[in-house]
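In: compute the structure for the input listed below.
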Amino acid sequence: MTEFPSLTLTELSAALRSGEITAGEALDAHLARIGEVNGAVNAVVTLDEDGARERARQADARLRAAAEGSAPPAPELCGVPMTHKDSIATKGIRTTLGSPLFADSVPERNALIVDRLQAAGVVSSGKNNVPEFAAGSHTFNPLFGTTVNPYDRSRSAGGSSGGAAAAIAAGIQPAGDGSDTGGSLRTPGSFCNLVGYRPDQGRIPLWPSANPWAWVSRQGFLGRRVEDVRMLMRTVTGAHEQSPHPAPEDGAYAARRRHDLSGLRVGWTADFGLDVPVEAEVLRVLEPQLAVLEGLGADVVEATPDLRDADEVFLTARAYDFAASYGELVRARGDEIKETMRENVEHGLRLTVDELFSAGAARARLRAATTQFFSEFDLLLTPAVQVLPFDAELEFPVSVEGVATPHYLDWMRAATLISATGLPCLSVPGGFSSSGLPVGLQMVSGEFGDGLLLDAAEAFEEATGFWRTRPALG
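Out: This is a model prediction of the structure:
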């Protein structure tokens, strides 16, 4: 399968279901590609070849039975090989969270997202690299080292789903799962010329979870094309008895509903109304794309919701969630955990009742502001990331357009401000810098506007074709 590295998920699925290729052949191509390029990008950190071959055999049996008419049609993902994010639990496959403390951890059950993917016939083959405890938007850790960008191997692939993004961009697989608290799907999507989609709350129930009421973190997907993300979401979305946040059964992922943006009112902001610094080259790439959207029928004007409360909401919710998940571990073994992770947990442990009350009031104001905005606008457009993919040897950018970023979250505000709203959002390929580095355009919709969001991104994707530019990895 010489064409395997360039296949989209939709194309691979069609080839499997038609019998053009088998699940075993797809897995062989996947493993061969890992052997060819993984040494250059360091995306895949754990392999389960024996387990993958058994899953491929099962998928082929399922596909044959469907072709013979002795079984129902095989699911869309049957036979698709996939590595999973190393912070998402996989039964029988090592899951380390990028931490030496969990170097030999092998879960006894899958996360729900993996259960649903495997039930649809996905051939799980291993795990993708993450930052330690998936904290941060640059993928490096003391266990496996740094994942680099297939478009320029001196640059970051983003994070925390950077391993997945590098694997997809490098042609190891056509799509993959991930999670996003403060940009962990959108940032690597932007850096690696992919769609990185963070769905609305409850679209993918988070289970198992120590705190199923947590809202700021979401699971979602990276893919080469919007239609690939839509296919994955059809497989994993839906209520779960342990989830307190059921999303509406509104057919958001069933099919594309619009092919242009006629009649849509769209707001664009370069600085989020808060003087957020963005590299000039990022804006040089993105601002001409507004004309593309207008050509698709959208009415694009400069506008943004009032996001003044978003920093407080995000930082408090994130600290609370990290403390709830890792507080006891940091108390017991904090000297073995990276400093930035300890800082987040310790922030959460220090939160006072007054600070929690304040954050609750801020979240209410923020919701009122976004509700007002999306009563007037259909979409919000922003830079997905404030910087181009940066030097992979750095821990994080220390400045953005001359403005110092002393904390590792400061350069991620393009993503964290939107995370605080809780609204569905994504990064879609938005062009390339003069040096050939990918730049992502962030799109945001109103509450449970996921279907419209994906439709708009797909129309833009088709009009521009930026996704077709692949890295030169051989």
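In: ok, residue 294 - how many residues close by?
Out: 13 (other CB atoms under 10 Å). Just so you know, the C-beta spots here come from the backbone N, C-alpha and C atoms, and that holds for glycine as well.
In: kindly report the same for residue 445.
Out: Each residue near residue 445 was counted by other CB under 10 Å, and the total is 24.
In: for it, list each beta-bridge partner.
Out: Counting by DSSP bridges, residue 445 is bridged to residue 379.
In: next, the contact list for the residue nearest to residue 359 when sequence neighbours are not counted, please.
Out: Leaving aside its chain neighbours, residue 359 sits nearest to residue 316 (3.8 Å; criterion: CB to CB, 6 or more residues apart in numbering). The contact partners of residue 316, by CB atoms under 8 Å, 6 or more residues apart in numbering, come to 351, 355, 356, 358, 359.
In: got a list of what residue 153 touches?
Out: Residue 153 neighbours (CB under 8 Å, 6+ apart): 40, 41, 392.
In: again, only using 10 Å
Out: 40, 41, 42, 166, 392, 471, 473 (CB atoms under 10 Å, 6 or more residues apart in numbering).
In: repeat for residue 36
Out: 5, 170, 171, 172, 473, 474.
In: could these go into TSV alongside secondary structure, distance to residue 233 and pLDDT?
Out: As requested, those are arranged in TSV below (DSSP: H, G, I helix; E, B strand; the rest coil; distance: CB to CB, whole Å; pLDDT from 0 to 100):
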residue	secondary structure	distance to residue 233	pLDDT
5	helix	24	95
170	coil	23	98
171	coil	23	98
172	coil	21	98
473	coil	28	84
474	coil	32	63
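In: quick one: mean pLDDT for stretch 363-383?
Out: Averaging pLDDT along stretch 363-383 gives 98.
In: strands along the stretch 101-250 of the chain, start to end?
Out: 123-128, 140-141, 145-146, 148-149, 152-156, 175-180, 195-198, 218-223 (DSSP state E, counting those that start in this stretch).
In: average pLDDT across the third one?
Out: In this model, strand 145-146 has an average pLDDT of 98.
In: and the lowest-mean-pLDDT helix or strand in the chain, what does it pack against?
Out: Sorting the helices and strands of the chain by mean pLDDT, DSSP states H and E puts helix 339-350 at the bottom, at a mean of 94. Packing partners of helix 339-350 (3 or more CB pairs under 10 Å, 6 or more residues apart in numbering; DSSP states H and E): helix 310-333.
In: residue ranges in the stretch 251-400 of the chain under the pLDDT threshold?
Out: For the stretch 251-400 of the chain, no stretch has pLDDT under 70.
In: can you check the stretch 1-150 of the chain too?
Out: Ranges of the stretch 1-150 of the chain meeting pLDDT under 70: 1-2.
In: tell me where it has helices.
Out: Assigned helices in the stretch 1-150 of the chain, in chain order: 9-18, 23-41, 49-68, 112-119 (criterion: DSSP state H, counting those that start in this stretch).
In: follow-up on the earlier one: relative to residue 198, how far out is the residue nearest to residue 359?
Out: 19 Å (CB to CB, to the nearest Å).
In: and what of residue 71?
Out: 35 Å.
In: likewise for residue 134?
Out: Residue 134 is 14 Å from residue 198, by CB to CB.
In: what about those two, which has more around it?
Out: residue 198 (31 against 25).
In: what does the least confident helix or strand of the chain contact?
Out: Residues outside helix 339-350 that contact it (CB under 10 Å, 6+ apart) are 99, 131-136, 315-331, 334-337, 355, 395-396, 407-409.
In: same thing but 8 Å
Out: Residues outside helix 339-350 that contact it (CB under 8 Å, 6+ apart) are 132-133, 135-136, 315, 318-324, 326-327, 330, 334, 395, 408.
In: and it, which residues are buried?
Out: Neighbour counts over helix 339-350 (16 or more other CB atoms under 10 Å) mark 340, 341, 342, 343, 344, 345, 346, 347, 348, 349 as buried.
In: wait, what's in contact with residue 396?
Out: Taking CB under 8 Å, 6+ apart, we find residue 396 in contact with 136, 137, 138, 390, 405, 408, 411.
In: between those, which is nearest residue 121?
Out: residue 137 (31.8 Å; CB to CB).
In: if I look at the closest one, how far off is residue 321?
Out: Applying CB to CB to residue 137 and residue 321 gives a distance of 17 Å.
In: which one's more surrounded, those two?
Out: Neighbour tally, residue 137 and residue 321, criterion other CB under 10 Å: the higher count belongs to residue 137, 31 against 20.
In: that one and residue 306, how far apart?
Out: 25 Å.
In: what's the answer for residue 116, then?
Out: 37 Å.
In: those two: who's more crowded?
Out: residue 116 (20 against 15).
In: for burial, what's the neighbour tally of the residue lying closest to that one once chain neighbours are set aside?
Out: Spatial nearest neighbour of residue 116, chain neighbours left out: residue 236 (4.3 Å); criterion: CB to CB, 6+ apart. As a burial measure, residue 236 scores 24 neighbours (other CB under 10 Å).
In: hmm, residue 236 is touching residue 119, no?
Out: No - counting by CB atoms under 8 Å, residue 236 does not reach residue 119; the two are 9.4 Å apart.
In: would you list every one of the strands in the stretch 351-474 of the chain?
Out: Assigned by DSSP E, counting those that start in this stretch, the strands in the stretch 351-474 of the chain fall at 379-383, 399-400, 403-404, 425-432, 438-445.
In: in a markdown table: those strands, plus distance to residue 292.
Out: A markdown table is the format used below for the strands of the stretch 351-474 of the chain (distance: least, CB to CB, whole Å):
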| stretch | distance to residue 292 |
| --- | --- |
| strand 379-383 | 11 |
| strand 399-400 | 25 |
| strand 403-404 | 29 |
| strand 425-432 | 9 |
| strand 438-445 | 10 |
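In: for residue 154, which of these is the nearest?
Out: strand 438-445 (14.4 Å).
In: how far off centre is that closest one?
Out: Strand 438-445 sits 12 Å away from the centroid of its parent chain (CA atoms, centre = their mean, to the nearest Å).
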